[in-house]
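K.L.:
when you get a sec, could you give me coordinates for this:
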Amino acid sequence: IIRDLTITSDILETLIDIQEKLHKTIGRKRKKCAIGMYPAEKIAFPLTFTAKKPKDITFTPLGATKTFTAEEILTTHPTGKEYAHLLEKAQKYPLFIDATGAILSMPPIINSADTGQITIATKQLFIECSGNHLPTLHNVLALLTTLCAELGGTIHGITIEREKETSITPQLTYTKKPFSLEHANALLGTNITEKELPKLCEKMGHR
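P.N.:
Numbering: from 1, shown residues only. Take a look at the predicted model:
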């Protein structure tokens, strides 16, 4: 959850733009990761991530003014048709549902028009990532939440209960990565020394 972020039209455009870029790149066109952003003040916590049979799912998707079934969203809604192939073999479709039973979204397809549309009137931002590769989800969530912090917001973690495991996200701890200075110099055509490296890494936010 992001608080204290004043969402101007420019910031809203930035958030939507980065969301789509992450979908297409790291998210592999939503195959690996799907991102949802919501006005947190319209959501009753706790949330449930579950799955239901398509015939049991009805909600108003973004860009629509009436209720659709899950099958109708995938066959008639523009976004639904674009990403329908991601659920073509699924017997049940994933859903985010709030404490009142309201559907937030049917990932990786589309958000609900009632609870899943952020505007310049949004007071608090709720961000979720879902997909089939947990490290990717953590990385994308870290990128989005720290971007919001750089735009003036404050990051507030949430507790996730997954089977018997409990965790808090986003996970913003440092991780170790191998790095070859020789390889970097060859790629860049530079002659950076080991002595110069720490200051350059710090400029990029690395320790």
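
K.L.:
all strands of the chain, in order?
P.N.:
Applying DSSP state E to the chain gives strands spanning 2-3, 33-39, 48-52, 58-59, 68-69, 93-97, 103-106, 110-111, 125-131, 154-155, 158-162, 165-169.

K.L.:
so in that sheet, which strands flank the fifth one, and in what orientation?
P.N.:
Same thing as strand 68-69. strand 58-59 (antiparallel) (DSSP bridges).

K.L.:
now do the strand it pairs with, average pLDDT.
P.N.:
Across strand 58-59, the average pLDDT comes to 97.

K.L.:
list of residues touching it?
P.N.:
T67, F68, T69, A70, I103, M106, S112, D114 (Cβ atoms under 8 Å, 6 or more residues apart in numbering). C-betas here are computed from N, CA, C, even on glycine.

K.L.:
excluding its backbone neighbours, what's nearest the last one?
P.N.:
Nearest non-adjacent residue to D114, counting by Cβ to Cβ, 6 or more residues apart in numbering: T60, 6.1 Å away.

K.L.:
give me the pLDDT value at the closest residue to I26 other than its chain neighbours.
P.N.:
Leaving out its chain neighbours, the residue that sits closest to I26 by Cβ to Cβ, 6+ apart is V140, at 5.8 Å. Per-residue confidence (pLDDT) for V140: 96.

K.L.:
same question, the one 10 residues further on
P.N.:
With respect to pLDDT, E150 has a value of 95.
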